[in-house]
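Colleague: I'll drop the sequence and a predicted model, then ask my questions.
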Number of protein chains: 2
Amino acid sequence: MSISVLDMSMSLDGYIADPDDFLGGEDGERLHKWDDVKDESGRPSGVVGRFLDEWSAAGAVLAGRRTAELMDHWGGDHGGLPIFVPSHRPPGPAARWGYPLVTYVIDGIESAMAQAKAAAGDRDVQVRGAYTAQRALAAGVLDELQIHQIPVLLGRGRRLFDVLPSEIELEIVRVIDTPEATHIRYRVRR
Amino acid sequence: MSISVLDMSMSLDGYIADPDDFLGGEDGERLHKWDDVKDESGRPSGVVGRFLDEWSAAGAVLAGRRTAELMDHWGGDHGGLPIFVPSHRPPGPAARWGYPLVTYVIDGIESAMAQAKAAAGDRDVQVRGAYTAQRALAAGVLDELQIHQIPVLLGRGRRLFDVLPSEIELEIVRVIDTPEATHIRYRVRR
């Protein structure tokens, strides 16, 4: 069965990006230093390798329009995966004609998630974008959150959570404790 | 050597209280359910007992004025500890005349912390109140943060972090993984 997962690196004070969308901190990359940790042979460390495996196990992507356009739809190719973008406005020219793997879904996030899960088969759906993740949470179609909590207070930026309409209970599925981040996986309780 | 610690229960979306200062969620106590977990004999569970021990090891309290007044200065007696309140305004009547253990400090948070640490001796200073904790962080006089991260999204309330002027790096000292909360202790890097 396919599950939908939001995977996000977040500072202790709740930010996932700078105000200008860079990835946090004075060097613009603070929140993603953890996934660049190498072992002695120069390969990704054990924990990073584990997450690389999890990311590559996805079968489809559901991306918010803002994120999708900011990333130019990953050039139309997000690891060969089908990309679904919920939006009430029609896609721009590149997404409409240039990117066969990109599908805009105009009839709501529930429909977009259903299409993404159907396309993913037994694999996971990766959810991209904070606003869309919150809409998926509110609509009851986000199954899990993988939060990489970074030991830094950024003081400003874009928050992961700011538009949730109601209280949502979570279940802690797994905690991985490293010096670079506390990796907590949550399941959404229904 | 005395260290100053902020100990706070926080939802995954960063809230420490409801907008009306209750402790979160529909029942107003969601963020503090974890510290009411009992073992089979009806005593606090192992993890809760450990934190009760840590809390009772404090030697002084530094409390924000808002928190102190909301709690009526704990009736003047916070476990017999001296209580320091940084404030530029003079104290109200109860704190001025009725509570010998309460000291208002008018010349800044650095001074208040120095007095609290002197009073605490070798024991810790407990910091109370989100605004004051952030001022202590910004002033470089908060040493550690003990965050009890609760697996819930509240969607609204009072945030722990919202007025930090700059980036602050932390070091993860300890992670305790329980079903009720992820207890993460951070040291502030200087």
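Modeller: Okay, I see it.

Colleague: How about the contacts made by A:Ile172?
Modeller: A:Ile184, A:Arg185, A:Tyr186, B:Pro151, B:Asp177, B:Pro179, B:Thr182 (Cβ atoms under 8 Å, 6 or more residues apart in numbering or on different chains). For glycine as for every other residue, the C-beta is placed from the backbone atoms N, C-alpha and C.

Colleague: One more: A:Met8?
Modeller: The contact partners of A:Met8, by Cβ under 8 Å, 6+ apart, come to A:Ile16, A:Ala130, A:Ala133, A:Leu145, A:Gln146, A:Ile147, A:His148, A:Leu160.

Colleague: Give me the pLDDT for it.
Modeller: Note for A:Met8: predicted pLDDT of 95.

Colleague: That one: what secondary structure?
Modeller: strand (DSSP: H, G, I helix; E, B strand; the rest coil).

Colleague: So what pairs up with it in the strands?
Modeller: Here A:Met8 sits in beta bridges with A:Ile147, as judged by DSSP bridges.

Colleague: Quick check: residues of chain A near chain B?
Modeller: Residues of chain A lying close to chain B by Cβ under 8 Å from any Cβ of the partner chain are A:12-14, A:25-26, A:30, A:137, A:145, A:147, A:149, A:151-156, A:159-162, A:164-172, A:175, A:177, A:179, A:182, A:184, A:186.

Colleague: residue contacts, the residue nearest the centre of chain A?
Modeller: Chain A has A:Arg128 as the residue nearest its centroid, 3.5 Å off, counting by Cα atoms, centre = their mean. Listed by Cβ under 8 Å, 6+ apart, the contact set of A:Arg128 reads A:Val61, A:Leu62, A:Ala63, A:Gly64, A:Thr67, A:Ala68.

Colleague: between those, which has the most around it?
Modeller: A:Leu62 (31 neighbours; other Cβ atoms under 10 Å in any protein chain shown).

Colleague: For that residue, give me its contacts.
Modeller: A:Leu62 makes contact with A:4, A:83-86, A:112-113, A:116, A:125-128, A:132, A:136, according to Cβ under 8 Å, 6+ apart.

Colleague: A:Gly42: which of these is nearest?
Modeller: Nearest to A:Gly42 out of the contacts of A:Leu62 is A:Gln126 (Cβ to Cβ; 26.8 Å).
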